[in-house]
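*Asks:* Sequence plus predicted model, see below.
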Amino acid sequence: MNPTAWYARSVLAHLLALAALTLACKEPTSPDVASSVTAPPALSASAAPTSTADVAPKPRALPKGAAEAPRVALGTRGAVSSQEANATDVGLSILKAGGSAVDAAIAVGFALAVTHPSAGNLGGGGFMVVREASGKSFALDYRETAPSASSRDMYLGKDGKPTKDSLEGPKAAGIPGTVRGFAEAHKRFGKLPWKDLVAPAVALARDGFALDPVTAADLARVTKKMRELGFAHTAKLFERPDGGALAAGEKLVQPELAKVLQAIADGGADAFYVGALAEKMASEVSQAGGVWKASDLAAYRAKWRDPIVFSYRGHEVVTMPPPSSGGVVLKQLLVMSEALKLNEKPWRSAEEIHLFAEAMRRAYVDRNQLLGDPDFVKMPLETLLDPAYLKQRASTIDPLRATSSKDIQPGVAPKSESTQTTHYSVVDEAGNAVSNTTTLNTGYGAKFAIPGTGVLLNNEMDDFAVAPGKPNVFGLVQGETNKIEPGKRMLSSMTPTILSKDGEVRAILGSPGGPTITTTVAQITRALVDYGAPLDKAVPALRAHHQWLPDELAVEEAIGADVVAELEKRGHKITKRPRMGHANCIEVDPETRGFRAVADTTRAGGKAAAY
C-alpha cells in the first residue's frame, strides 16, 4: 500500500470511529489472542502453526518500489539489516555462500563486535528468536549472569545510595554470554563450519576497516570519557598511535581483539570460557576491582526457552520470554491496543498516541514490579498474559485524560537496560528467519576493556534493581523480583520478534533503546498490521514511549506542535528526544513474497542488503 492510500485509510477510519470513541474505551472488545505456546523444554520451540494452504508457495519476486541504499534493499534469496555496513555485508556473504539464516546472524554478531563496539560485543549478551520455514520457533537466552561473588547491596555506598560502580569500570560487568550463545545456535542450526563464521570478524579486526562518520564521532566522545575514568589503556584501542581521535575514513585496527577472535575461531566457545584466556580475563578483571572468577566463565550456559507465541489481528507473533520483559510487555501492549480498537484511530494522532501511552503506562508497572529471571523468581505470567486480565486493565483507561502514574499499581500483587543495544535481522531464501538483539548495556558498556584482549566489558549489572525502589540509568524503578543474586540473569527489555501470517514469515523486528525497545517494536508491528504501512514507512515513523515512572510521555522531536498541545491538554507531561531506537528490520512482501530489508538510517547509521 502506498503512503497516500495508507493515509487515506487512516483518515477514513478516524471518521468512522469518532462516534464510537467513548464506547470503544469503556467496553473494549475481547482480543483474539492465543495463550503462550509451551513446547518440550528440550526443544524450547513453539509448535508449527497450521497453514491454510498445503500447496507449494509461489516463487518469490521483488517487492514493488525501489531500493534506496543503504536504507532499503530488495531481494528474493536473502536479506540482512544491521546497524553497521561492514557487518551487514558479512551476513549477506554468508548467505550467498550457502549459510543458513542463523549462520549469517552469528557472523554478523561477531563482525559487530569489531565494527560497532558501542554495542556489538564479545563481552556482553543478548537474545535470539529463530523461526524455521516449517513454522517452528525457538528462543535462545544468552543474557549475562551475575558473578558468584555478587550480592544484593554490592552497589550501595555507606549512605545507602547507589554508587557508579554498577555503570563504570570492571565491577559493573556480568558474566558474558555472547560467544556461548552463538555456539549454541550454531550447534542446532548451523550449516557452514564455525571457523568460517568467525573469520570475517578476524579479518576486520586484524586488517582494520574505515570508520563511518557516526562511529568516528562516537569514538571521539567515548575515548575522552574513558580517559576521565582512568581507563587510558581502553581509550588507546580506539585512537591513533599519538592519542589523537580517528577521523571518518581512517582505519580502526584492533590486533588484540583479532587474536581473541582467532582463538574462538580455532577453539570454539570453550576457548573463551575455559582455559588460558578465561583465566587471564578473570584475573585481569579481578585485579582491576571486578568480581569475576574463572569458575564463573566456565559455568556459564546459554539457555533455550519457550518463546511467547500469540496472535494479533490475524498474525502470529513470536517473541522472547523472561528474563527478557520484552515478550510479556509486547503482548500486553498489543492486546490492549486491540481492546481499545487503536487500529481505528488515525496513526500518530493525539487520540491514538494518548490511548497507546495509557496502555504503555499499565504494561510497564507490571514489568517493573513483577518480572525477573524465571530460574529465580516465580512470576504470575499466566495472569499477565491473560487477555481477560489485559481487557480489564484497558477498561481503566480514560479516553480523554491521562492517568497519574502514582494511581497505577501492578495488576497482580508482587511476590515478597542504554539506548546503545544493537539489533539485526536476517532471512534466507527458504524463509528461515532470525531476530537478534545484543548489548553491552550503555554505550561501550563499562568503558573498560580487559587488558591484552580488546574485549570491552558490559555494565549489565545496572539492569538489576541495584537499589529496589530506586531508578536505574534508564529511570526504571524496579522491585525485589529483579534484585541481584549470584548466577541470576538481569531483567532486560530486549524484544527480538518475528511476525508470520498464513504460515509464512511476515516481518523480522527488533530495536535497541533500553526500555523503549518494546514500545518501538509494538509501534512498528501496529504500523504494519493495523495500518498496512510498508516497512520502509513503518520504521522511520514517529515514536512515543511511556514507562510508568518517571510519569512523562517521551516523543521524538518530529512530532507536530498541534499533537503535543492536544496531549498536554489531556494531562500528559511531554518530553522530547532526538530519536528512539534503531530498528533494523526485514519484511516479506505479502504480494510478491520478496524481501524488503530496512535499516533505520534516519536515526544514525546502518545498512540493509539483499539479493
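*Replies:* Nice, thanks for sending it over. Numbering: from 1, shown residues only.
*Asks:* how near is Asn458 to Asp153?
*Replies:* 21 Å (C-beta to C-beta, to the nearest Å). C-beta here means a position set from N, CA and C on the backbone, and glycine is covered the same way.
*Asks:* An error on my part: the question was meant for Val555.
*Replies:* 36 Å.
*Asks:* The two: who's more crowded?
*Replies:* When Val555 and Asp153 are compared for neighbours, Val555 comes out ahead with 25 against 13, by other C-beta atoms under 10 Å.
*Asks:* which SS class is that one?
*Replies:* At Val555 the chain is in strand, as set by DSSP: H, G, I helix; E, B strand; the rest coil.
*Asks:* In contact with the closest residue to it other than its chain neighbours, which residues?
*Replies:* In space, and not counting its chain neighbours, Val555 is closest to Ala544: 4.8 Å by C-beta to C-beta, 6 or more residues apart in numbering. By C-beta atoms under 8 Å, 6 or more residues apart in numbering, the contact set of Ala544 is 353, 356-357, 519, 523, 553-556, 559.
*Asks:* Which members of these are classed as buried?
*Replies:* Buried residues within the contacts of Ala544, counting neighbours by 16 or more other C-beta atoms under 10 Å: 353, 356-357, 519, 523, 553-556, 559.
*Asks:* Give me the distance between the residue lying closest to Gln392 once chain neighbours are set aside and Gly431.
*Replies:* Spatial nearest neighbour of Gln392, excluding adjacent residues (C-beta to C-beta, 6+ apart): Gly411 at 7.6 Å. Per C-beta to C-beta, Gly411 is found 38 Å from Gly431.
*Asks:* Over to Pro496?
*Replies:* According to C-beta to C-beta, Pro496 stands 17 Å off from Gly431.
*Asks:* quick one, which of the two is more surrounded?
*Replies:* Legend: neighbour count by other C-beta under 10 Å for Pro496 and Gly431, higher for Pro496 (32 against 21).
*Asks:* Check the contact between that one and Val130; I expect there is one.
*Replies:* No. Contact criterion C-beta atoms under 8 Å: Pro496 and Val130 do not qualify, at 9.3 Å.
*Asks:* Phi first, then psi, for Thr439.
*Replies:* For Thr439, the backbone dihedrals (degrees, to the nearest 10) come out as phi -160, psi 160.
*Asks:* list the contacts for the residue nearest to it when sequence neighbours are not counted?
*Replies:* Spatially, and ignoring its direct neighbours in sequence, Thr439 is nearest to Thr421 (3.7 Å; C-beta to C-beta, 6+ apart). Shown in contact with Thr421 (C-beta under 8 Å, 6+ apart): 119, 126, 437-439, 441, 494, 511-514, 517.
*Asks:* Is it correct that Gly487 is in contact with Ala149?
*Replies:* No. Using C-beta under 8 Å, Gly487 is not in contact with Ala149; the gap is 10.8 Å.
*Asks:* ranges for the helices of the stretch 251-400 of the chain?
*Replies:* Listed in chain order, the helices found in the stretch 251-400 of the chain under DSSP state H, counting those that start in this stretch are 255-267, 270-273, 276-287, 294-299, 326-339, 350-370, 381-384, 387-394.
*Asks:* from the contacts of Ala544, which is closest to Gly230?
*Replies:* The shortest approach to Gly230 among the contacts of Ala544 belongs to Ala554, at 33.1 Å (C-beta to C-beta).
*Asks:* per-residue confidence at the nearest residue to the closest one once chain neighbours are set aside?
*Replies:* Excluding its sequence neighbours, the residue lying closest to Ala554 (C-beta to C-beta, 6+ apart) is His545, at 4.5 Å. According to the prediction, His545 has pLDDT 98.
*Asks:* now swap in Ala42 and tell me
*Replies:* pLDDT for Ala42: 37.
*Asks:* And for Leu549?
*Replies:* 89.
*Asks:* measure it to Val80 for me?
*Replies:* In this view, Leu549 and Val80 are 37 Å apart by C-beta to C-beta.
*Asks:* Now for the nearest residue to Ala149 once chain neighbours are set aside, how many residues are close by?
*Replies:* Excluding its sequence neighbours, the residue lying closest to Ala149 (C-beta to C-beta, 6+ apart) is Val291, at 4.1 Å. By other C-beta under 10 Å, 20 other residues sit near Val291.
*Asks:* Val291 contacts Pro147, doesn't it?
*Replies:* Yes. Val291 is within contact range of Pro147, at 4.7 Å (criterion: C-beta under 8 Å).
*Asks:* Check what pLDDT the spatially most central residue of the chain gets.
*Replies:* Nearest to the geometric centre of the chain sits Met494, at 3.6 Å (C-alpha atoms, centre = their mean). Note on Met494: pLDDT of 97.
*Asks:* surely it meets Pro322?
*Replies:* No. Between Met494 and Pro322 there is no contact under C-beta under 8 Å: 11.3 Å.
*Asks:* Locate Ala183 within the secondary structure: which element?
*Replies:* Following DSSP states H and E, one finds Ala183 within helix 178-189.
*Asks:* That helix relative to helix 255-267, how many degrees between them?
*Replies:* Relative orientation of helix 178-189 and helix 255-267, computed by axes from the mean of the first three to the mean of the last three C-alpha atoms, to 10 degrees: 30 degrees.
*Asks:* Following element in sequence after helix 178-189, please.
*Replies:* Later in the chain than helix 178-189, the nearest helix or strand by DSSP H and E is helix 194-207.
*Asks:* Pull the residues that contact that next one.
*Replies:* 86, 90, 93-94, 97, 99, 103, 106-107, 110-111, 113-115, 182-183, 186, 190, 253-255, 257-258, 261-262, 264-266, 268, 454.
*Asks:* average pLDDT for that helix?
*Replies:* 98.
*Asks:* go on, stretch 175-184?
*Replies:* On average, the pLDDT along stretch 175-184 is 98.
*Asks:* returning to what we had before: nearest to Ser337, of the contacts of Ala544?
*Replies:* After measuring the contacts of Ala544 against Ser337 - C-beta to C-beta - the closest member comes out as Phe356, at 6.6 Å.
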